[in-house]
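In: I'd like to go over a predicted model; first the sequence, then the structure.
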Amino acid sequence: MSQTTPTTPTRVGPGPTTWTPGKVGESDRRPDGVPKVTGEFEYSSDMRLDGMLWGATLRSPHPHAEIRQIDTSEAEDLPGVYAVLTHEDVPGRKVYGMEIPDQPVLAWEKVRYQGEPVAIVAADHPETARRALEKVHVEYGVLDPITDAEKAVQEDAPKLHLSGNVLRRIRILHGEGVGAAAKADVVVRGEYEVGMQDQAFLGPESGLAVPDGLGGVDLYISTQWLHIDQDQVAESLGMDPDQVRLTLSGVGGAFGGREDLSMQIHACMLALETERPVKMAYNREESFFGHVHRHPAKLRYEHGATRDGNLVYVKARLVFDGGAYASSSNAVCLNAATFACGPYEVPNAEIESHMLYTNNPPCGAMRGFGAVQACFAHEAQMDKLADELGLDPLDLRIKNALKPGDRFPFGQEVPPPAPVREILERVKVMPLPEEQEVMGRDLRGLPGGVSNVTHGEGVKRGVGYAVGFKNIGFSAGFDDYSTARVRLTVEDGEPLVEVHTAAAEVGQGLLMLQAQIARTELGVEKVSILPADTRVGSAGSTSASRQSYVTGAAVKLACEGVRERLFERAREELGEPPDGLSVEAGNVVRDGRTVVPLAELLDGDELEETCEYHHRETHPLDENGQGDVHLQYAFAAHRAVVEVDVELGLVRVVEIATAQDVGKIINPQALEGQIEGGIAQGLGLALMEEIQVKEGKVLNASFTDYLIPTILDMPTVKMEVLELADPEAPYGLKGVGEPPTIASTPAIVAALRDATGLELTRIPVRPEQLAGVSDGPPLPDEPTPGGAGYAEVGRLDGRRET
Amino acid sequence: MRLNLTVNGEQRETDGVWEGESLLYVLRERLGLPGSKNACEQGECGSCSVYLDGILVCSCLVLAGQAEGSEVVTVEAVSGDSGLHPVQEAFVEAGAVQCGFCTPGFVVATHDLLRRNPEPSEAEVREALAGNLCRCTGYEKILDAVRRAAARGEDAPR
Ligand code: FES
Ligand code: FES
């Protein structure tokens, strides 16, 4: 391609980050910490370029409608408007999607959820862009929405997609299935429901697209996986992937919500059309419509056990509302099915997991990914069973705990380490917080706090336990890999390692981890992490708690390659015998004695290695739901202590104690941050977080109405961390991001049950449930059994305990 | 409209401001100070915290015109020539920063708290920071950062 001067300004990014990191196992001051506390750190929403335009998105107000006509002429005539684009302007594939490309870049013929993008504009001021949206006239023919996953499967339900309304169905048959029921002395049944949770990352979706003047485009974007974005954007722009270059910009949290595309294709379309840089930045309301959510679920369970508390069988039927488009629902359905029984030895099981299309908001990845919903139900069942058997709930769990060598219900052998019993025993012996007299206590230490709603009257304490687990890495036959380029050079007489990957730092501390590995493996002080972009191979997604494992392994591998070449040089040039060399503090050493300084050995040369690390192959499930489907399993147990004002239904979580199996601690402070932050999101789901959807419409798309835990809601976290090495993983580590979010929710709900004696089968638990009060007039139509619809979710009167 | 205000000790003037713009928008988009963040633009998250005439406010809730003639101090001015402010230092050390989108707001709010109350109890810290949302940390390390900053009381916040 010939070199011409770009017609648009080029962006100068923040460049590499260089510092002296800690070694593996040490806490480190994160290198992006200083720019983040001073306000200098550049997030995707902070970027700007001269001549830049603002993009905005027109979204469907209807959850289900035909599009009869779109008239953009009035909007185009508005001064300050540079482009108004619709589906007709999508140059390439008109749909996108990670697993199934079923989601329109811009809707045509039909909209299938409220908030679906229909048109986009670029203008010189965000307000002008917003006004232009008002002048795009779309004629809709409103259709009845399907708002209930159970109804989506009925014969007469309209088909939302050519393939029908069933997105995925999984059946797992293990042992004799329910045929073993006769062997059970005791059976407990329950139906549970999980509301729709939002990732609520603080930095809304945003990015900047810059046309390169040669027909291609550069996109600066906050995302979880640059390469899957690149592929999808290029496909819809009708370009080669190398014409669409992506660079990670500052990411304000992710938690699964940035795995799907949001404004990526739109911004590129507008930039290419206007030949100007285009920035798109959602506000909070739009963010609620701009990403997928955690799947709401209905879970029906039956557990059978012997009189002495051994599980005999589990029967489970899980129904997930996938919303209008596929996103990563396929994998969520699989995860939920495989985690349905919990980390217990279950000899017989029959599990069905259903994922349906509806006209509700699309759902996809969120921290915990299918394991969260299942854990809430299986843990409630374990408590119910313990109660029925007159056993201590923790002892029942310990008695049935999975151990290495057992078989999961999906046939895979439990790999070591699987310290389920150990983590349960740890939380069992952790001292409980001292019980303080409630009467006369400082208001701030009571449920409701300074709202001054109780002085201790009606406040009851409860304690609850739960344990959960999560697969680490991508599963079911996916070729899950990461790429790292590592270069050893000398700068100002000092050896320096440069690490280049496309792995997305979303706040978790991945920069530190990569640098710690480089420092440890190459024995240098200074490490430089290059900005993540698509000039290096894919690192895979920052999700499934996989980056420490997979990108960690790729960086380690590349470092080992460089180190091997160093040693070769030492052998060739210095005649050093091949064995027993190592690197330390900038020197090649043998038996603690310096053989040669790295700088001298390199003598102005650079050593570079690019390596891909592919994790062990996994396999899809067969027709009976059997297969070696997952790579690694990480476990966490939680104990919650709560105080409930039983008259008003207000809750104060007093303490969460946890024990987690992490394989190897790479960075203690970052690990603690993951555990504490993950627990906060689990607490949110237990007590307050729900996107309320009525007739397919979101009622609470704001932080005023969608509540996430504040510093007043979060208790002290006590933690114990087990380091039992996984022999297959780099340094023996396990992924740590998700396990804290899984069992913390059911532990809190168990504590609420302990305090109130209520059954509490739906999360988030509402004050009116806890106070046992009716909360409004009766529903107009009685929900059919098993079919109480998501249509009712979100109505105060629909949230009553059943 | 034209807007005159003092920002971080400097007299600033900006033209062509639309009446509906917030102080946050003007700071971020017109004055080149994107340190204050825009996580909700509704007064719920505190990520846009600044001082307006010495009072801690959510700049997303202040109309630009309301700030005419006022003195605004943003996160960009919390650190001085001598480096990080003790509050900032404490946030970095304690691991109170993950994605960091909430951090500028927490830094300004903590700065304000310690200025008013150099030795706050835990309950007082929680109350003072209840208007700042963080989605990443679970707040434990933020509490730790505030404790550390308070313990360095001799470097009284400026
Ligand atoms: S952006 Fe101002 S309070 Fe959230
Ligand atoms: S560090 Fe991410 S929101 Fe606080």
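Out: Looks like it arrived, so ask away. Residues are numbered from 1 along each chain as shown, chains lettered A, B, ... in the order given. Ligands and ions are numbered 1, 2, ... in the order given.
In: how much space between the residue in chain B that chain A sits nearest to and ligand 1?
Out: In chain B, the residue that lies nearest chain A is residue B:35 (2.1 Å; C-beta to the nearest C-beta). In this view, the C-beta of every residue, glycine as well, is placed from N, C-alpha and C. Distance of residue B:35 to ligand 1, computed by C-beta to the nearest ligand atom, to the nearest Å: 13 Å.
In: any idea which helix or strand carries that residue?
Out: Using DSSP states H and E, no element contains residue B:35; it sits outside every helix and strand.
In: got it, and residue A:565?
Out: helix A:547-574.
In: ranges for the helices of the stretch 551-700 of chain A?
Out: Shown for the stretch 551-700 of chain A, the helices assigned by DSSP state H, counting those that start in this stretch span residues A:598-602, A:668-687.
In: For residue A:221, find the nearest of these.
Out: In terms of C-beta to C-beta, the element of the helices of the stretch 551-700 of chain A nearest to residue A:221 is helix A:668-687, at 23.1 Å.
In: check whether that closest one contacts chain B.
Out: Yes. Counting by C-beta under 8 Å from any C-beta of the partner chain, chain B is contacted by helix A:668-687 at A:669, A:670, A:672, A:673, A:675, A:676, A:677, A:678, A:679, A:680, A:681.
In: Which other helices and strands does that helix contact?
Out: strand A:650-661, strand A:716-722, helix A:739-756, helix B:140-151 (3 or more C-beta pairs under 8 Å, 6 or more residues apart in numbering or on different chains; DSSP states H and E).
In: Return the most buried member of the ones you listed.
Out: helix A:739-756 (a mean of 29; mean count of other C-beta atoms under 10 Å in any protein chain shown).
In: what mean pLDDT does it have?
Out: For helix A:739-756, mean pLDDT is 98.
In: now the angle between strand A:650-661 and it, please.
Out: 140 degrees (axes from the mean of the first three to the mean of the last three C-alpha atoms, to 10 degrees).
In: quick one on the thing from earlier: tabulate the helices of the stretch 551-700 of chain A in JSON lines, adding columns for distance to residue A:490 and mean neighbour count.
Out: Output for those, formatted as JSON lines (distance: least, C-beta to C-beta, whole Å; neighbours: other C-beta atoms under 10 Å in any protein chain shown):
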{"stretch": "helix A:598-602", "distance to residue A:490": "5", "mean neighbour count": "19"}
{"stretch": "helix A:668-687", "distance to residue A:490": "30", "mean neighbour count": "26"}
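In: In chain B, what residue spans correspond to strands?
Out: With DSSP state E, the ranges of strands along chain B come out as B:3-7, B:10-14, B:49-52, B:55-58, B:71-73.
In: centroid residue for chain B?
Out: In chain B, the residue lying closest to the centroid (C-alpha atoms, centre = their mean) is residue B:108, at 3.1 Å.
In: Return the set of residues that bridge with the residue nearest to it when sequence neighbours are not counted.
Out: Among residues not flanking residue B:108 along the chain, residue B:49 sits closest, at 4.2 Å (C-beta to C-beta, 6 or more residues apart in numbering or on different chains). In this entry, residue B:49 is beta-bridged to residue B:58, by DSSP bridges.
In: Tell me if stretch A:703-720 is near ligand 1.
Out: No. Residues of stretch A:703-720 are not located near ligand 1 by C-beta under 6 Å from any ligand atom, the shortest gap being 7.0 Å.
In: List the buried residues for that stretch?
Out: Using 16 or more other C-beta atoms under 10 Å in any protein chain shown as the test for burial, stretch A:703-720 gives A:703, A:706-715, A:717-719.
In: can you give me the end-to-end distance of that stretch?
Out: 33 Å (C-alpha to C-alpha, to the nearest Å).
In: what's the domain layout of chain B?
Out: B:3-76, B:86-155 (automatic domain parsing).
In: State the pLDDT value of residue 107.
Out: By default, I'm working from chain A. Residue A:107 is given a pLDDT of 98.
In: that answer is for a different chain, and I need it for chain B
Out: Confidence score, pLDDT, at residue B:107: 98.
In: and the helices of the stretch 551-700 of chain A as TSV, adding distance to residue B:132 and mean pLDDT?
Out: Listed next are the helices of the stretch 551-700 of chain A as TSV, based on distance: least, C-beta to C-beta, whole Å; pLDDT from 0 to 100:
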stretch	distance to residue B:132	mean pLDDT
helix A:598-602	45	95
helix A:668-687	14	98
